[in-house]
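Trainee: Predicted model and sequence below, questions to follow.
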Amino acid sequence: MLEKMFGCTLGSKLRAILLMEADFNFSNKLIYGVRMTDNVRRYGHMPDEIYSEKGKTADDGSLAKVLFYDIVRQGRVAVGLRSIDAANCYDSIAHAIASLVFQAFGVPDKAIESMLKALEDMKYFLRTAYGDSKRAVGSRLEVKFQGLCQGNGAAPAGWVVISITILHAHKEKGHGAQFVCPISRTTGKLAAILFVDDTDIIHIDLNQNQGVELLIM
């Protein structure tokens, strides 16, 4: 359990980091952090909305949000924006959904099974300044542990592809920002601004004069 804020040792303010077997974690980093993300980039599946990507920074996401507000003020149009922190995002991933998403992005079935089954059946010990716990905690037969775990080399890439899938579903419903340049009529779309688990969901449509009622609908 590591401090999220220096000097604060409240249980609710600590972050549980898992120390996994080295070969297991290396394999996860290779399969998901390298090969799966290479597939995402190779086939053009990395959306503009994700700023925790190579060549981008959190500052780029902040700039995109500032520019969005600039357009809102200049156009004097009704918009929607919701800032969301997907707290404990790695630990909130359901394995059935994760398996389907990983397969869609080219991860072999056996590689998925080996990682998720290990996470579901592993025994968890607690390490403190006073030593390691003697007893372990694990899943019950009827309730298996879920999530990808903080400290798992596959977790960052796993959350990226989960985010991509959520974004596609969001766009399919017609949500997001539709931008139109007033002079050239060049158009652009952006559904959100994401940096790992920090998300700004945005909605605006410059193709039509939306009132507040239509915007909410």
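Mentor: Received, thanks.
Trainee: so Gln178 sits in a strand?
Mentor: Yes. The assignment for Gln178 is a strand, going by DSSP: H, G, I helix; E, B strand; the rest coil.
Trainee: From Glu120, how far out is the residue lying farthest from the centre of the chain?
Mentor: Distance from the centre of the chain peaks at Ile183, with 35.7 Å (CA atoms, centre = their mean). According to CB to CB, to the nearest Å, Ile183 and Glu120 sit 56 Å apart. For every residue, glycine as well, the C-beta is placed using N, CA and C.
Trainee: Over to Leu81?
Mentor: Distance, Leu81 to Glu120, using CB to CB: 37 Å.
Trainee: so what pLDDT did the residue nearest the centre of the chain get?
Mentor: For the chain, the residue nearest the mean C-alpha position is Trp159 (4.1 Å; CA atoms, centre = their mean). On pLDDT, Trp159 comes in at 95.
Trainee: Can you tell me the closest non-neighbouring residue to it?
Mentor: Excluding its sequence neighbours, the residue lying closest to Trp159 (CB to CB, 6 or more residues apart in numbering) is Cys89, at 5.6 Å.
Trainee: Now do Ile216, the pLDDT please.
Mentor: Confidence score, pLDDT, at Ile216: 62.
Trainee: What are the buried residues along the longest strand anywhere in the chain?
Mentor: When the chain is parsed with DSSP state E, its longest strand is strand 198-205. Residues Asp198, Thr199, Asp200, Ile201, Ile202, His203, Ile204, Asp205 are the ones in strand 198-205 that count as buried (16 or more other CB atoms under 10 Å).
Trainee: That strand pairs with which strands, parallel or anti?
Mentor: Sheet pairing of strand 198-205 (DSSP bridges) gives strand 80-85 (antiparallel), strand 177-180 (parallel), strand 192-195 (antiparallel).
Trainee: Return the alpha-carbon coordinates of it using PDB.
Mentor: Taking Å, rounded to 0.1, in the frame of the first residue of the first chain, the C-alpha atoms of strand 198-205 are listed here in PDB:
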ATOM      1  CA  ASP A 198      -9.500  11.400 -16.300                       C
ATOM      2  CA  THR A 199     -12.100  12.100 -18.900                       C
ATOM      3  CA  ASP A 200     -14.000  15.100 -20.200                       C
ATOM      4  CA  ILE A 201     -17.100  14.100 -22.200                       C
ATOM      5  CA  ILE A 202     -18.100  16.900 -24.600                       C
ATOM      6  CA  HIS A 203     -21.100  17.600 -26.800                       C
ATOM      7  CA  ILE A 204     -21.600  20.300 -29.300                       C
ATOM      8  CA  ASP A 205     -23.000  20.500 -32.800                       C
END
